[in-house]
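[1] have a look; sequence and predicted model below, questions after that.
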Amino acid sequence: MKTLRVAITGVGNVGSRIGGALEERAPEFARRFNADVRVVGVSASTEGLIDGSGISGERIAGRTDFVSGLTGQRFFDELEADVLIEAGPSNYVDGAPGLSHLEAALEGSMDVICVSKGALVVAGDDIYRRAAEAERQVRVSGAAASAMPTVDFLTYDLAGAQVTRFEALLTGTTTFVLDTMYRHGWDLDDAVAEAQESGIAEPQPEFDVDGWDTAAKLVVIARAVFNAGIPIESVPRQSVKNVNEEQIDCWKQHDIVPRLVGILELDDSDRVTASVQVKCYPKSHPFSLAEGSMKAVNVSTKRMGDYSLLGGASSLDATAAAAIKDLEHILTCRMSSSVQ
Ligand SMILES: NC(=O)C1=CN([C@@H]2O[C@H](COP(=O)(O)OP(=O)(O)OC[C@H]3O[C@@H](n4cnc5c(N)ncnc54)[C@H](OP(=O)(O)O)[C@@H]3O)[C@@H](O)[C@H]2O)C=CC1
Ligand SMILES: N[C@@H](CC=O)C(=O)O
């Protein structure tokens, strides 16, 4: 049986859930792939743990035996692993700390799974270049709307269809906020507080509310699907903060439903533009049917017509599942490749 050694940087809401989910799936990986998939290293902001014999979900969640100072470069100096799952903070200014984690992992010939978005947004080109040089994979499902298949849908299922337009509800928090304001008359602050309570809002929820999270996901998807480098600052953004009671009443009178959407459009020369908008949809539109923190995608293609996907509410379990899906794809490649 081959061993696949997994490390996780960032073991907050998401990272610790991934640790637990991986432990649950390990027997299935053993059966299907004849692979012993185990977590051998985890790090948080000031401490970490490395144990080649495996680290249980319970030890991660309880931070049992964590060693003070075992983080950052020291963590990578001592780590021996095959795959890194990066689940630290998303920082759109300089990508830290995720960027240096991904660089160190690729330097150490690991495949990387990005759940945080900052490094991909700030230095996507560089990360993909380094991965290509190291002949390693970059997987981004967790950073590209987790619960809703986006990158895999566009690059695998719609490969050859020539996508011309992608419009989506990518941020569960803003769908939840607008939905509860519209349908239940909540005010913005209460709705945001509830999204924080459930663990889906960003640590700084204004990243969601002001459209940064959706813009970041568009940047990640544009890079992964269309190989397009879009600077996040160039993405026009509207904020849910500007939605007020009068507007809600007016939209209700017209039977239309507001949503914060991310849009990617390709022109005839395949140039990609991105925008984040508060748009209203008729009640029968799939985006209006997305309740709570559900996500939705509309894709137009040249050769296969149009598609709508609806479902996949933001949640910690769904994010963990997206990271484990990426891990499974890596496992499939590693098991069928001579390069292990
Ligand atoms: N919440 C969600 O539903 C989703 C979140 N994401 C992304 O996942 C990431 C994590 O989100 P979430 O778990 O909610 O956030 P949390 O704030 O709960 O967790 C962040 C983790 O990162 C750790 N961390 C901070 N600095 C460092 C560092 N220098 N080295 C190593 N670890 C560090 C923190 O350590 P410490 O515990 O010591 O503070 C903490 O464990 C974010 O980038 C977010 O955008 C993606 C999809 C969905
Ligand atoms: N804050 C995000 C979570 C992860 O990307 C959301 O609300 O969907």
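    Nice, I can see it. Ligands and ions are numbered 1, 2, ... in the order given.

[2] how many other residues sit next to the residue of the chain found nearest ligand 1?
    Nearest to ligand 1, among the residues of the chain, is Gly12, at 1.9 Å (CB to the nearest ligand atom). From N, CA and C alone the C-beta is placed, and that goes for glycine too. Residues lying near Gly12 (other CB atoms under 10 Å) number 15.

[3] look at it and report its pLDDT.
    Per-residue pLDDT puts Gly12 at 96.

[4] list the contacts of it.
    By CB atoms under 8 Å, 6 or more residues apart in numbering, Gly12 lies in contact with 44, 87, 203.

[5] what does Arg38 give?
    3-6, 26, 54-55.

[6] buried only: go through the residues you listed for me.
    4-6, 26, 54-55 (16 or more other CB atoms under 10 Å).

[7] returning to that earlier point: now pLDDT too, for the contacts of Gly12, in a markdown table please.
    Formatted as a markdown table, the contacts of Gly12 follow (pLDDT from 0 to 100):
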| residue | pLDDT |
| --- | --- |
| Ala44 | 98 |
| Ala87 | 98 |
| Pro203 | 85 |
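
[8] got a quick PyMOL command for the buried subset of those residues?
    In PyMOL, this line selects whichever of the contacts of Gly12 come out buried by 16+ other CB under 10 Å:
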select buried, resi 44+87
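
[9] and ligand 1, which of the contacts of Gly12 contact it?
    Applying CB under 6 Å from any ligand atom, the subset of those adjacent to ligand 1 comprises 44, 87, 203.

[10] how about the strands of the stretch 1-150 of the chain, start to end?
    2-9, 35-43, 47-50, 67-68, 83-86, 111-114, 138-139 (DSSP state E, counting those that start in this stretch).

[11] same list (these) but as JSON lines, adding distance to Asn242.
    Formatted as JSON lines, those follow (distance: least, CB to CB, whole Å):
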{"stretch": "strand 2-9", "distance to Asn242": "35"}
{"stretch": "strand 35-43", "distance to Asn242": "39"}
{"stretch": "strand 47-50", "distance to Asn242": "41"}
{"stretch": "strand 67-68", "distance to Asn242": "44"}
{"stretch": "strand 83-86", "distance to Asn242": "33"}
{"stretch": "strand 111-114", "distance to Asn242": "30"}
{"stretch": "strand 138-139", "distance to Asn242": "35"}
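
[12] closest to ligand 2 out of the ones you listed?
    That would be strand 111-114 among the strands of the stretch 1-150 of the chain, by CB to the nearest ligand atom, at 11.3 Å.

[13] neighbouring strands - and their directions - for the closest one?
    strand 83-86 (parallel), strand 138-139 (parallel) (DSSP bridges).

[14] what's near enough to touch Gly160?
    Arg303.

[15] OK, contacts around the residue nearest the centre of the chain?
    Residue closest to the average C-alpha location in the chain (CA atoms, centre = their mean): Ala143, at 1.9 Å. Listed by CB under 8 Å, 6+ apart, the contact set of Ala143 reads 90, 114-117, 120, 216-217, 220.

[16] okay, now the domains of this protein?
    The chain breaks down by the TED database into domains covering 2-147+317-336, 151-312.

[17] what's the end-to-end length of the last one?
    Just to be clear, that refers to domain 151-312. Domain 151-312 has an end-to-end distance of 14 Å (CA to CA, to the nearest Å).

[18] cool, stretch 157-166 as well?
    Note: stretch 157-166 ends 14 Å apart using CA to CA.

[19] tell me the pLDDT at Gln340?
    Taking Gln340 on its own, its pLDDT is 45.

[20] nope, Ser315 is what I meant
    With respect to pLDDT, Ser315 has a value of 89.

[21] you'd agree it is up against Met294?
    No - checked against CB atoms under 8 Å, the pair Ser315 and Met294 is beyond contact range at 10.3 Å.

[22] can I get the strand or helix carrying Ile221 in CSV, CA atoms only?
    Ile221 belongs to helix 212-226 when assigned by DSSP states H and E. What follows is helix 212-226, C-alpha atoms only, in CSV (Å, rounded to 0.1, in the frame of the first residue of the first chain):
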residue,chain,number,x,y,z
TRP,A,212,-14.2,41.1,-2.7
ASP,A,213,-14.9,37.4,-2.2
THR,A,214,-16.8,37.1,-5.4
ALA,A,215,-14.2,39.1,-7.3
ALA,A,216,-11.4,36.9,-5.9
LYS,A,217,-13.2,33.8,-7.0
LEU,A,218,-13.7,35.3,-10.5
VAL,A,219,-9.9,35.9,-10.6
VAL,A,220,-9.2,32.4,-9.5
ILE,A,221,-11.6,30.9,-12.0
ALA,A,222,-10.4,33.1,-14.9
ARG,A,223,-6.8,32.0,-14.3
ALA,A,224,-7.6,28.3,-13.9
VAL,A,225,-10.1,28.0,-16.8
PHE,A,226,-9.1,30.7,-19.3
